[in-house]
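A.B. asks: Sequence first, then the predicted structure, then my questions.
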Amino acid sequence: MSEYVKDLMAEVKAKHPAQPEFHQAVQEVAESLDLVFERHPEYRSAKILERIIEPERAIIFRVPWVDDQGEIHVNIGYRIEMNSAIGPYKGGLRFHPSVNLGILKFLAFEQVFKNSLTSLPMGGGKGGSDFDPKGKSDLKIMRFCQAFMSELFRHIGPDTDVPAGDIGVGGREIGYLFGQYKKLRNEFTGVLTGKGLNWGGSLIRPEATGYGAVYFAAEMLATKNQTLDGKICLVSGSGNVAQYTVEKILDLGGKPVTLSDSNGYIYDEEGINREKLNFVMELKNVRRGRIKEYVDKYKNAVYTAFDPYLDHNPLWDHKAHCAFPSATQNEINWIDAQNLIKNGVYVVSEGANMPTTIEGVNIFLENKILYGPGKAANAGGVSVSGLEMSQNSMRLPWTREEVDNRLMLIMKNIHRTCVQMAERFGTPGNYVNGANIGGFLKVADAMIDQGVV
Ligand code: NDP
Ligand code: 2IT
């Protein structure tokens, strides 16, 4: 790490204490950018890094709502409008009790680079609330979404800021949010993505993040003349990203053997086949149950509850070839990274955002495995969101094949950018540097073109 980056990190930590996830995301990017600043001092003198780490705007608001029993609740709502150099702010909304300013700033920061990598004209943003949707009735969810949008609507718009889903925000929530936006504005626009198919949504958007993460893994494997056929795959999470990751692994001949939720994980040595995946989709998306129920139905599988006092995640301690972390941040620490490598894993494609700690990432890089960081590997979701925006503007929906082909091309293109940038800056095979530098250059050049604003 250069003195410049060390000083910058010290300042970030002093100015924004108690935001460890944000510090982590900035440090990882800043270390890669050291390579750029050596050759291009113009970015340093334009103070691009100092500017890019501060949100253009961070909105924090009260969300009061009344539940079905008449009880009043108060949550905190956020929208971080991080960077609009290359397009309107774009990024998901997360509803989870762990949500705070630091977590949303890390997500918004990552989103800026991710969106740039997609090659579509989208700036970066993220938002959400500490609201916990788990176990709540549809009516409670609707009331909360309406209350949340009653403030958010004045800050967003199809050419300003276009939110979408993330943890705890799927098709149901986007529907309630869109309904309230439309009522308040009296406008039917593409102000959110991930909409329902018969009211402006895009085919393949629900599938896009998971499919994209698997396409990215396939691209990495292709550099070694290999495919996913016959590969044993560890997948974490059991939500949107995990489900469609499993589906695409199956399409490409791989064998997924794990899934998890925040309580524990299942290991099915025989493989999670299509029938079992359908069961999981019904369990999670319709009944909104827990992954533990998998072993009641499929007796050969084993369920292990997570032990909060354990220093590692046992899901990553199984023999496999590939890993697709698809739950949440920092779910792979250095012990998990070592376990993965010990168990034969040599492909890691991150469906989740920043699922690996800095120490874990360093272990992957030292061992020279095929490691695709989230901002590259999970960019398929926001890419198809960008395609949804295009279809909304044209008022013309594309077919499933058209969107899937475009998604595949975008993922190939992101992979190529990572490889080329890593080579150009002297670290061949390092997708972390490739993604950070590839994402940065386009935004940095746009910021220079647009002056100090
Ligand atoms: P979902 O809400 O659909 O699913 C999240 C899954 O992760 C659930 O199984 C959930 O378990 C588990 N999970 C959430 N928080 C934790 C936690 N603190 N500890 C352990 N498990 C947890 O979200 P998505 O599938 O959409 O998102 C998963 C990841 O992918 C996130 O990191 C998200 O940022 C990222 N991502 C999502 C995109 C999208 O388009 N949706 C795009 C790009 C990245 P439980 O049910 O118990 O909460
Ligand atoms: O992290 C992400 O890229 C998302 N949650 C999707 C964002 C989007 O705008 O589709």
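C.D. replies: In hand now; what should we look at? These numbers were taken from a predicted model, which means no experiment stands behind them. Ligands and ions are numbered 1, 2, ... in the order given.
A.B. asks: The longest strand seen in the chain pairs with which strands?
C.D. replies: Taking DSSP state E as the criterion, the chain has its longest strand at strand 72-83. Strand 72-83 pairs in its sheet with strand 57-66 (antiparallel), strand 124-129 (antiparallel), by DSSP bridges.
A.B. asks: Let me know which of the ones you listed is tucked in deepest.
C.D. replies: Across the strands paired with strand 72-83, averaging neighbours per residue (mean count of other Cβ atoms under 10 Å) puts strand 124-129 on top, at a mean of 30. From N, CA and C alone the C-beta is placed, and that goes for glycine too.
A.B. asks: next SSE after that one?
C.D. replies: Toward the C-terminus, strand 124-129 is succeeded by helix 138-152 as the next helix or strand (DSSP states H and E).
A.B. asks: just checking, what packs against that following helix?
C.D. replies: Contacts defined by 3 or more Cβ pairs under 8 Å, 6 or more residues apart in numbering; DSSP states H and E place helix 138-152 against strand 57-66, strand 72-83, strand 124-129, helix 171-185.
A.B. asks: Now do the SS call for the closest residue to ligand 2 within the stretch 351-453 of the chain.
C.D. replies: Residue of the stretch 351-453 of the chain nearest ligand 2, by Cβ to the nearest ligand atom: residue 385 (3.3 Å). Three-state call for residue 385 (DSSP: H, G, I helix; E, B strand; the rest coil): helix.
A.B. asks: Can you check the pLDDT for residue 196?
C.D. replies: At residue 196, the model reports a pLDDT of 98.
A.B. asks: you'd agree it is up against residue 173?
C.D. replies: No - with contact defined as Cβ atoms under 8 Å, residue 196 does not reach residue 173; the gap is 11.6 Å.
A.B. asks: Tell me which of those two has more neighbours.
C.D. replies: More neighbours surround residue 173 than the other of residue 196 and residue 173, with 22 against 12 (other Cβ atoms under 10 Å).
A.B. asks: Find the nearest non-adjacent residue to the more buried one, please.
C.D. replies: Leaving aside its sequence neighbours, residue 173 sits nearest to residue 145 (Cβ to Cβ, 6 or more residues apart in numbering; 5.6 Å).
A.B. asks: Same question for residue 92.
C.D. replies: Leaving aside its chain neighbours, residue 92 sits nearest to residue 166 (3.3 Å; criterion: Cβ to Cβ, 6+ apart).
A.B. asks: Isn't the one you found up against residue 93?
C.D. replies: Yes - taking contacts as Cβ under 8 Å, residue 166 lies within contact range of residue 93: 5.9 Å.
A.B. asks: So for those two, which residues contact both of them?
C.D. replies: Both residue 166 and residue 93 are contacted by 126, 128, under the criterion Cβ atoms under 8 Å, 6 or more residues apart in numbering.
A.B. asks: returning to what we had before: dihedrals phi and psi, the residue nearest to residue 92?
C.D. replies: phi -160, psi -160 (degrees, to the nearest 10).
A.B. asks: Could you check how far it is from residue 251?
C.D. replies: Look at residue 166 and residue 251: by Cβ to Cβ, to the nearest Å, they are 25 Å apart.
A.B. asks: more neighbours, those two?
C.D. replies: Between residue 166 and residue 251, counted using other Cβ under 10 Å, the more crowded position is residue 166 (27 against 12).
A.B. asks: Dig out what that one forms beta bridges with.
C.D. replies: With DSSP bridges as the rule, residue 166 is bridged to residue 169.
A.B. asks: Now do the helices in the stretch 301-450 of the chain.
C.D. replies: With helices called from DSSP state H, counting those that start in this stretch, the stretch 301-450 of the chain shows them at 334-342, 358-366, 374-377, 380-394, 400-424, 431-449.
A.B. asks: closest to ligand 1 out of the strands paired with strand 72-83?
C.D. replies: The minimum distance between ligand 1 and the strands paired with strand 72-83 falls on strand 124-129, with 8.8 Å, by Cβ to the nearest ligand atom.
A.B. asks: does any part of that closest one sit near ligand 1?
C.D. replies: No - applying Cβ under 6 Å from any ligand atom, one finds strand 124-129 out of contact with ligand 1, separated by at least 8.8 Å.
A.B. asks: quick one: contacts of that strand?
C.D. replies: With contacts defined as Cβ under 8 Å, 6+ apart, strand 124-129 is touched by 59, 63, 75-83, 89-96, 99, 104-105, 107-116, 144, 148, 152, 161, 163, 166, 168-169.
A.B. asks: One more pass at 6 Å, please.
C.D. replies: Residues from elsewhere that reach strand 124-129 (Cβ atoms under 6 Å, 6 or more residues apart in numbering): 75, 77-83, 89, 91, 93-95, 99, 104, 107-108, 111-112, 115, 161, 163.
A.B. asks: that older thread, let me know the pLDDT of the residue nearest to residue 92.
C.D. replies: Per-residue confidence (pLDDT) for residue 166: 98.
A.B. asks: Next, the contact list for it, please.
C.D. replies: So residue 166 contacts 92-94 (Cβ under 6 Å, 6+ apart).
A.B. asks: hmm, back to that, let me see the contact set for the nearest residue to the residue of the stretch 351-453 of the chain closest to ligand 2 once chain neighbours are set aside.
C.D. replies: Closest residue in space to residue 385, ignoring its immediate chain neighbours: residue 193 at 3.8 Å, by Cβ to Cβ, 6+ apart. By Cβ under 6 Å, 6+ apart, the contact list for residue 193 reads 164, 385, 388.
A.B. asks: ok, now with 7 Å
C.D. replies: Taking Cβ atoms under 7 Å, 6 or more residues apart in numbering, we find residue 193 in contact with 162, 164, 205, 385, 388-389.
A.B. asks: Over to residue 162?
C.D. replies: Contact analysis of residue 162 by Cβ under 7 Å, 6+ apart lists 88, 90, 156, 191-193, 389.
A.B. asks: make it 6 Å
C.D. replies: Here residue 162 is in contact with 88, 90 (Cβ under 6 Å, 6+ apart).
A.B. asks: what does this protein have sitting close to ligand 2?
C.D. replies: Proximity of the chain to ligand 2, by Cβ under 6 Å from any ligand atom, involves residues 90-92, 111, 114, 164, 166, 193, 353, 381-382, 385.
A.B. asks: 5 Å - rerun?
C.D. replies: 90-92, 164, 166, 381-382, 385 (Cβ under 5 Å from any ligand atom).
A.B. asks: Having no further points to raise, I will conclude here.
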